[in-house]
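>>> mind folding the following:
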Amino acid sequence: ESAVQRAVTLGCAPAATGTHPSPAAACRELRSVDGDFAELPSALPQTSCTREWDPVTVTADGVWRGQRVEWFGTYNNGCEMWASLGGGVLFSF
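Model (predicted):
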């Protein structure tokens, strides 16, 4: 079991708020996939990441348009996580 290393809050309605460093951009990314983290477009094919094994697990828990959301993903390293989740700001903190 590993401890939480970083965590932020994000609210997208009625306005972008929270402790996320770029709440407006993160909300735009979420809106583009209607809150479905699995639908974030992967940038992994065009991203050069090392083959370093340093696993990263990310989680998201909350409510999107009245529906409970619980999502997680595990990646080989931080670069693969960032690229696999669209290469945007949503998990850049």
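>>> low-confidence stretches in the chain?
1-2 (pLDDT under 70).
>>> can you give me the helices for it?
23-32, 78-84 (DSSP state H).
>>> for those helices, which one ends up most surrounded?
Highest mean neighbour count among the helices of the chain (mean count of other Cβ atoms under 10 Å): helix 78-84, with a mean of 19. C-beta here means a position set from N, CA and C on the backbone, and glycine is covered the same way.
>>> mind saving the C-alpha coords of it as CSV?
In CSV, the C-alpha atoms belonging to helix 78-84 read as follows (Å, rounded to 0.1, in the frame of the first residue of the first chain):
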residue,chain,number,x,y,z
GLY,A,78,4.9,9.6,-14.8
CYS,A,79,5.6,10.3,-18.5
GLU,A,80,3.4,7.4,-19.6
MET,A,81,0.7,8.5,-17.2
TRP,A,82,0.7,12.1,-18.5
ALA,A,83,0.7,11.0,-22.2
SER,A,84,-1.9,8.3,-21.7
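>>> G73 against T57, yeah?
Yes - between G73 and T57 there is a contact under Cβ atoms under 8 Å: 7.1 Å.
>>> from T57, how far off is N76?
From N76 over to T57 the distance is 11 Å, taken as Cβ to Cβ, to the nearest Å.
>>> neighbour count winner among the two?
Neighbour totals were compared for N76 and T57, and N76 leads with 16 against 12 (other Cβ atoms under 10 Å).
>>> which ones are touching that one?
C49, R51, E52, W53, D54, P55, V56 (Cβ atoms under 8 Å, 6 or more residues apart in numbering).
>>> burial count for C49?
16.
>>> so it touches N77, yeah?
Yes - in this structure, C49 is within contact of N77 by Cβ under 8 Å, at 6.6 Å.
>>> tell me where this protein has strands.
Secondary structure of the chain (DSSP state E): strands located at 56-64, 67-75.
>>> still on that earlier bit, just the closest of the contacts of N76 to V4, please.
Nearest to V4 out of the contacts of N76 is V56 (Cβ to Cβ; 12.2 Å).
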